[in-house]
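Below is the structure, and that's it, no one-letter string:
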Ligand SMILES: [Zn+2]
């Protein structure tokens, strides 16, 4: 058996294992496992914690789930809004949870968010690069590069996200 298989969603080199996956950020079980291992590092070590918001946004925007699932649709909109805040508006990592919260409260129950057709490629970087890194000092930089690469991959939806975010300001 191969040690790794590509995640069908994001393309990450993923642990070839059986296991659970997220309810709507659908992925290969090994990809979800690597994400959870990265989160565990971030929750337990401040040097890793600095990259946490990038990790969450990048992973969500690479695992779009099913079009019919409103949780998936909302999640992609919210996390793209967060990446927009960081890379277009210069928000700090500490500010992005508040933006996500405001965005989510504003659009909650209004049926105003659409399914965003994903790009054909989500970029070269995935959770694997972060998971595979054991240097705490490099974690932030890798997470940031990953998030930037994901934001760029969604270029065809930048205008749409910009418009959605401008309505909550
Ligand atoms: Zn994946």
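Thanks, I have the structure now. Keep in mind the model is a prediction, meaning the values are calculated, not measured.

Check the protein for its longest helix and report it.
helix 70-89 (DSSP state H).

That helix: which residues count as buried?
By neighbour count on 16 or more other C-beta atoms under 10 Å, the buried set for helix 70-89 is 72-87. Heads up, the C-betas are built off the backbone N, CA and C, glycines and all.

if we look at the ion, which of these are close to it?
Among those, no residue is within reach of the ion (C-beta under 5 Å from the ion).

out of those residues, who's nearest residue 51?
Using C-beta to C-beta, residue 86 comes nearest to residue 51 of these, at 12.0 Å.

was I right about that closest one contacting residue 96?
Yes: in this structure, residue 86 is within contact of residue 96 by C-beta atoms under 8 Å, at 6.2 Å.

so what sits against both of these two?
53, 57 (C-beta atoms under 8 Å, 6 or more residues apart in numbering).

Show me what from this protein comes close to the ion.
7, 9, 10, 12, 27, 31.

and the second one, helix, strand or coil?
Translated: residue 9. Secondary structure, DSSP: H, G, I helix; E, B strand; the rest coil: residue 9 is coil.

Just want to check the distance between it and residue 127.
Residue 9 sits 11 Å away from residue 127, taking C-beta to C-beta, to the nearest Å as the criterion.

what's near enough to touch residue 126?
Residue 126 touches 7, 10, 11, 12, 13, 31, 62, 146, counting by C-beta under 8 Å, 6+ apart.

if I've got this straight, the last one is in a helix?
Yes: the secondary structure assignment for residue 146 places it in a helix, going by three-state DSSP.

just checking, it touches residue 58?
Yes: between residue 146 and residue 58 a contact is recorded at 4.8 Å, counting by C-beta under 8 Å.

Return every residue with contacts to both of those two.
Common neighbours of residue 146 and residue 58 (C-beta under 8 Å, 6+ apart) are 125, 127.

Which of those two has more residues huddled nearby?
residue 58 (32 against 25; other C-beta atoms under 10 Å).

my hunch is that the more buried one is in a strand, does that hold up?
No: read with three-state DSSP, residue 58 is helix and lies in no strand.

Against residue 142, how distant is it?
Taking C-beta to C-beta, one finds residue 58 at 10 Å from residue 142.

May I see the buried residues of stretch 8-15?
In stretch 8-15, counting by 16+ other C-beta under 10 Å, buried: 9, 10, 11, 12, 13, 14, 15.

Pipe the residues you listed into JSON lines and attach pLDDT and distance to residue 21 per row.
Converted to JSON lines, the buried residues of stretch 8-15 look like this (pLDDT from 0 to 100; distance: C-beta to C-beta, whole Å):
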{"residue": "9", "pLDDT": "97", "distance to residue 21": "10"}
{"residue": "10", "pLDDT": "98", "distance to residue 21": "12"}
{"residue": "11", "pLDDT": "97", "distance to residue 21": "16"}
{"residue": "12", "pLDDT": "97", "distance to residue 21": "13"}
{"residue": "13", "pLDDT": "97", "distance to residue 21": "17"}
{"residue": "14", "pLDDT": "97", "distance to residue 21": "11"}
{"residue": "15", "pLDDT": "96", "distance to residue 21": "12"}
